[in-house]
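> Structure for the following, please:
(chains A and B)
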Amino acid sequence: MSLTADEVNKIAHLARLGIDKQDITSYTKDLSGMLDLMTRMSELNTDDVEPMAHPMDQSQRLRADVVAEPNNREKFQAIAPQVEAGLYLVPKVIE
Amino acid sequence: MHTKTLTELSLGLRSGAFSSVELTQTFLQRISQHQDLNAYITVTEELALQQALAADVRLANGTADCLTGIPIAQKDIFCTLDVKTTCGSKMLDNFIAPYNATVVEKLNQSGAVMLGKLNMDEFAMGSSNETSYYGAVKNPWNITTVPGGSSGGSAAAVAARLAVCATGTDTGGSIRQPAALCGITGLKPTYGRVSRYGMIAYASSLDQGGPMTRSAEDAAIVLQTMAGFDAKDSTSVDLPVPNYSAELNNSLAGLKIGLPKEFFSDGLNSDVAAVLATAIDEYRKLGAEIIDISMPNLKLAIPAYYVIAPAECSANLSRFDGVRYGYRCENPKDLTDLYTRSRGEGFGKEVKRRILMGTYALSTGYYDAYYLKAQKIRRLISDDFKNALAKVDVIMGPVTPTTAFGIGEKMDDPIEMYLSDIYTIAINLAGVPAMSIPAGFVAGMPVGLQLIGSYFAEDRLLNIAHQYQQVTDWHQQTPNGFE
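The predicted structure is shown next:
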């Protein structure tokens, strides 16, 4: 199965992932190769097979609803690209 | 001192033959002498010497345990408080971790000394350590070849004696494959045995941390500290941790070893196959019974893995958005531009390839054909392991089809690189534990033997590995120039 450059651009947009124009051809080729590899899965009939999401098939553990995490606000803000008055800054969203 | 095993060094420290500060200085000096291997991303010299001083106090006052004062190194995927944690990526080149991973916390508490952070494939995506933003790591057995990946820095450091032991992580073979290619012992525990808290996520249903050491005896000691339930990891399994060193000396008489015919078919280099046959013979001499088995669904492990792992990766890596931490592009014109360019500039090519693949596999109209289909195949592969391990005690086979390949050799062909993980990937899909142990050499390059056990049977695997290491000396070999 092969993808087109347009399809790769669309996937990149869905993933909010910038791809250099000159690399589109190689990504298109690599992803098509990966899809070829995956078509081998259709060799096997899996109609009655239960999908396996997790090796332990365990359910999510619950815990008491109490504060467990320490407040690390200062530490977290210190490693952010841009903060002001305790807020994370991003380009203007609403005109 | 650097040629001794963890067990020997631990005894030496406790008997006062040398101090942790002396031992740590020896290793720091070796790291600086062998910088050309590129095994470390960050060397934490000052912190190491502080930890060594503290360890010497514990050694003197009798509160030391087996790892107190032992110089170790952490794969740079584990968050280390106030120390740069890059995951091998430009995206995290400026990331100072605000907390410790549970594995790091546990090793710190045992008194181990951290020498630094080890090089790795970017976000653990790679089989050669060549996708690292910090450059390829060289294999100490032949510096023109790769050490394997993604825990390539860990394997090279332990093989070259630039750390007594190291941590690694394994999503599709990232502990076992580099361990095999560098001639060391690597253990991927059962999924859920070692906490993933603070271990930067690649594919959460497959990722598992584990020890990379010189011997099985050493691996038992390190796993003892790493393993255990952690409330901070929602998939951590709440089972008691056995004493991993207690069963090492059990006899292997009557051990049933299964050899899946699918592991010994086309694609396996004949010289590697001959080394493995000799190793299996050694087990026969130790009293084991060899049984031929078949695991028919193994052949679909690679396609299933390359749907599931990228799907999980595309979700996990969506957190890198240039807003809260990590790389941010210059002068974003709007929010979409900020996301798109920060991610486009911060991630390398292999990471992007997998994010794209995963995004595609999870997108509307393709979910059933790819993701759901892969999860069904995952079930069949897992059943293959359960059925086989009901008949035999351990499954043995190759770790890699060949010895270490040349740096640059497979970088232009990602599919070819993926196919080299053929013997390791199925184990992560099933979640069972597995090891790679040194089993010999082909043309001077190490070959690993893979041991695969039942869920939570790490103690049995360590016993099986240790008994082999009592009658062979492959694990004691040191590459030329690193003696």
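> Next, the residue most central in space within chain A: phi, psi?
Per C-alpha atoms, centre = their mean, the C-alpha nearest to the average position across chain A is that of A:A15, at 6.8 Å. The phi/psi pair for A:A15 (degrees, to the nearest 10) reads phi -90, psi 0.
> what residues are up against the nearest residue to it once chain neighbours are set aside?
Leaving aside its sequence neighbours, A:A15 sits nearest to B:T359 (C-beta to C-beta, 6 or more residues apart in numbering or on different chains; 4.3 Å). Bear in mind the C-beta positions are built from the backbone N, C-alpha and C, glycine included. B:T359 makes contacts with A:11, A:14-15, A:17, B:314, as judged by C-beta atoms under 8 Å, 6 or more residues apart in numbering or on different chains.
> Are any of these buried, and if so which?
Buried residues within the contacts of B:T359, counting neighbours by 16 or more other C-beta atoms under 10 Å in any protein chain shown: A:11, A:14-15, A:17, B:314.
> any chance of those residues in JSON lines, plus distance to B:T225, pLDDT and secondary structure?
Formatted as JSON lines, those follow (distance: C-beta to C-beta, whole Å; pLDDT from 0 to 100; DSSP: H, G, I helix; E, B strand; the rest coil):
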{"residue": "A:I11", "distance to B:T225": "42", "pLDDT": "97", "secondary structure": "helix"}
{"residue": "A:L14", "distance to B:T225": "42", "pLDDT": "96", "secondary structure": "helix"}
{"residue": "A:A15", "distance to B:T225": "38", "pLDDT": "97", "secondary structure": "coil"}
{"residue": "A:L17", "distance to B:T225": "38", "pLDDT": "98", "secondary structure": "coil"}
{"residue": "B:S314", "distance to B:T225": "33", "pLDDT": "98", "secondary structure": "helix"}
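> of these, closest to B:G346?
A:L17 (10.0 Å; C-beta to C-beta).
> in chain B, which spans are strands?
B:40-43, B:71-75, B:113-118, B:165-170, B:185-188, B:208-213, B:256-260, B:289-293, B:394-398, B:434-442, B:445-452 (DSSP state E).
> Quick one, which of these gets closest to chain A.
Set against chain A and scored by C-beta to the nearest C-beta, the strands of chain B come closest in strand B:208-213, at 9.4 Å.
> count of neighbours near B:S32?
By other C-beta atoms under 10 Å in any protein chain shown, 12 other residues sit near B:S32.
> which residue ranges form the helices in the stretch 301-450 of chain B?
B:301-316, B:335-346, B:349-362, B:373-391, B:414-419, B:425-430 (DSSP state H, counting those that start in this stretch).
> And the nearest residue to B:L81 once chain neighbours are set aside, what's its pLDDT?
Distance criterion C-beta to C-beta, 6+ apart; nearest residue to B:L81, sequence neighbours excluded, is B:N100 at 4.6 Å. Listed pLDDT for B:N100 reads 97.
> now B:N94
So B:N94 comes in at 95 (pLDDT).
> what does the stretch 351-483 of chain B put close to chain A?
Residues of the stretch 351-483 of chain B lying near chain A by C-beta under 8 Å from any C-beta of the partner chain: B:352-353, B:355-357, B:359-360, B:363, B:370, B:372-380, B:382, B:414-415, B:418, B:429-431.
> Can you report how many residues neighbour the closest residue to B:N297 other than its chain neighbours?
Nearest residue to B:N297 in three dimensions, chain neighbours excluded: B:L380, at 4.4 Å (C-beta to C-beta, 6+ apart). Number of residues near B:L380 (other C-beta under 10 Å) recorded here: 20.
> Let me see the contact set for B:L380.
Neighbour list for B:L380: A:44, A:46, A:49, B:297, B:300 [criterion: C-beta under 8 Å, 6+ apart].
> pLDDT score assigned to the residue of the stretch 151-300 of chain B found nearest chain A?
Nearest residue of the stretch 151-300 of chain B to chain A, counting by C-beta to the nearest C-beta: B:Y191, 4.3 Å away. pLDDT, B:Y191: 97.
> Would you mind measuring from it to B:I200?
Shown here: B:Y191 relative to B:I200, a distance of 17 Å by C-beta to C-beta, to the nearest Å.
> Now do B:G344 against chain A, distance only.
Per C-beta to the nearest C-beta, to the nearest Å, B:G344 is found 2 Å from chain A.
> Correct me if wrong: that residue contacts A:L17.
Yes - here B:G344 reaches A:L17: they are 5.8 Å apart, a contact under C-beta atoms under 8 Å.
> which residues are in contact with both of those two?
The contact sets of B:G344 and A:L17 overlap at B:K352 (C-beta under 8 Å, 6+ apart).
> Pretty sure B:Y202 sits against B:E122.
No - counting by C-beta under 8 Å, B:Y202 does not reach B:E122; the two are 10.0 Å apart.
> how about whichever residue of the stretch 351-483 of chain B sits closest to chain A, what does it touch?
Minimum separation of the stretch 351-483 of chain B from chain A (C-beta to the nearest C-beta) falls at B:G431, amounting to 2.5 Å. The contact partners of B:G431, taken as C-beta under 8 Å, 6+ apart, are A:55-56, B:190-192, B:382, B:455.
> circling back to that earlier point, which one of the helices of the stretch 301-450 of chain B is the most hemmed in?
Among the helices of the stretch 301-450 of chain B, ranked by average contacts under mean count of other C-beta atoms under 10 Å in any protein chain shown, first place goes to helix B:425-430 (a mean of 28).
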